[in-house]
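Asker: everything below, folded, please.
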Amino acid sequence: MSGMHRDRVETKDRPGLHERFRLLIQLASAALVNGYAAGFAGCKIFTGTSKMVCLPVLNCYSCPGALGACPIGSLQAVEGGAKHNISFYVLGTLMLFGVLFGRLICGFLCPFGLVQDLLGRIPARKLHVPEKIDKPLRYLKYVILAVLVILLPMLAVNQFGIAPPYFCKYICPAGTLEGGIPHLLMNESLRKTAGALWNWKLGILILVILGSVFVPRFFCRYLCPLGSFYSLFNRFSLFRMDLDKSKCVDCKSCENVCPMAVKVTEHINSPECIRCGKCKAVCPVDAISSRFETDMLTRNVAVKKVD
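Answerer: This is a model prediction of the structure:
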């Protein structure tokens, strides 16, 4: 086999190899954060010390297998308490992961991201959402973060000065899938009490499932408050995507495979990019690369030494 032919074969196989590698990481991450097997057997919520650890991914606290705490639920729980404090521990954890990785967490580690990717593999014609509809809808996740996760738990309280976790209670499809459904299936008394609120949340889950079949990463695009938080760090996180425009042939292969419909050749570090690496794997001329930006750290260390 000639070297040129071998290079063409390797380039052709690379997207598939990359996706299999990413899938393995996603499965490992989902298994790690939901590793309490006994919880699934008896539908019990794990209450060990690791439940105090804030995870960097959207994973329901009430999932029978969950070993850690969901950051969105944790934020609301602290804000909605009688003292209405801000959890600097949770915010600090999210900011640390945001500064280091940006939305790489969404592309490789989030269990609900894995669910959406698997739904996206169902053979169905994918829909192109017109920009005049798509662009305004993408701001919805920021509204959800600001209103349901931050403002309402502090302002809309009951007579005891306590607020429910509004996003978890009324919206979160991950909580319905990972926590609600398992508990209802295995607890007859809960099934008898399920009413309008459960039907509402089940409807949202069905909407997200159907949306994810026809629009890749539907929840990540339009509804996820955690993704909206991480997106604020994409432009300056240490993990970077780079485009060598001198190599780029403008074939648009990268944009055609992007699950978030990012205009890769214009804004490769867009707030919408989940750093899944599909664009890098499919590029026929290796114009796209990813790296950790260490120059900034090196410069800061050098400045401190001079001081």
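
Asker: what about the closest residue to Pro216 other than its chain neighbours, which SS state?
Answerer: Leaving aside its sequence neighbours, Pro216 sits nearest to Pro259 (CB to CB, 6 or more residues apart in numbering; 3.7 Å). Heads up, the C-betas are built off the backbone N, CA and C, glycines and all. Secondary structure assignment for Pro259 (DSSP: H, G, I helix; E, B strand; the rest coil): coil.

Asker: quick check: Pro259 touching Val215?
Answerer: No: Pro259 lies out of contact with Val215 (CB atoms under 8 Å); the separation is 9.2 Å.

Asker: looking at the two, which one has more neighbours?
Answerer: It is Pro259, of Pro259 and Val215, that has more neighbours when counted by other CB atoms under 10 Å, with 23 against 20.

Asker: contacts only, for the more buried one.
Answerer: With CB atoms under 8 Å, 6 or more residues apart in numbering as the criterion, the residues that contact Pro259 are 117, 120, 216-217, 274, 276, 278.

Asker: what's the closest of those to Asp250?
Answerer: Nearest to Asp250 out of the contacts of Pro259 is Lys278 (CB to CB; 17.6 Å).

Asker: the nearest residue in space to the closest one that is not next to it in sequence - how many residues pack around it?
Answerer: Among residues not flanking Lys278 along the chain, Val257 sits closest, at 4.6 Å (CB to CB, 6+ apart). By other CB under 10 Å, the residues close to Val257 number 17.

Asker: contact partners for Val257?
Answerer: Val257 touches 15, 278-279, 282, counting by CB under 8 Å, 6+ apart.

Asker: flag every buried residue along stretch 83-100.
Answerer: Using 16 or more other CB atoms under 10 Å as the test for burial, stretch 83-100 gives 87, 90-91, 93-94, 97-98.

Asker: cool, stretch 265-280 as well?
Answerer: Under the neighbour-count criterion of 16+ other CB under 10 Å, stretch 265-280 has 265, 268-280 buried.

Asker: where along the protein do the strands fall?
Answerer: 239-243, 288-292 (DSSP state E).

Asker: tabulate those strands (JSON lines), appending distance to Lys44, mean pLDDT and mean neighbour count.
Answerer: Output for those, formatted as JSON lines (distance: least, CB to CB, whole Å; pLDDT from 0 to 100; neighbours: other CB atoms under 10 Å):
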{"stretch": "strand 239-243", "distance to Lys44": "37", "mean pLDDT": "95", "mean neighbour count": "18"}
{"stretch": "strand 288-292", "distance to Lys44": "40", "mean pLDDT": "95", "mean neighbour count": "15"}
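
Asker: now the ones you listed in a markdown table, with distance to Asn187?
Answerer: A markdown table is the format used below for the strands of the chain (distance: least, CB to CB, whole Å):
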| stretch | distance to Asn187 |
| --- | --- |
| strand 239-243 | 42 |
| strand 288-292 | 45 |
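
Asker: what about Gly120, distance to Gly161?
Answerer: When CB to CB, to the nearest Å is the yardstick, Gly120 and Gly161 sit 43 Å from each other.

Asker: and the two? Which one has more around it.
Answerer: Taking other CB under 10 Å, Gly120 and Gly161 do not tie; Gly120 has more neighbours (17 against 11).

Asker: residues contacting the more buried one?
Answerer: Counting by CB under 8 Å, 6+ apart, the residues that Gly120 touches are 126, 212-213, 216-217, 259.

Asker: try 10 Å this time
Answerer: 126, 212-218, 259 (CB atoms under 10 Å, 6 or more residues apart in numbering).

Asker: ditto for Cys276
Answerer: 18-19, 22, 26, 103-104, 106-108, 113, 117, 216-217, 257-260.

Asker: and if you look at Ala28?
Answerer: Per CB under 10 Å, 6+ apart, neighbours of Ala28: 108-109.

Asker: that concludes my questions; thank you for your assistance.
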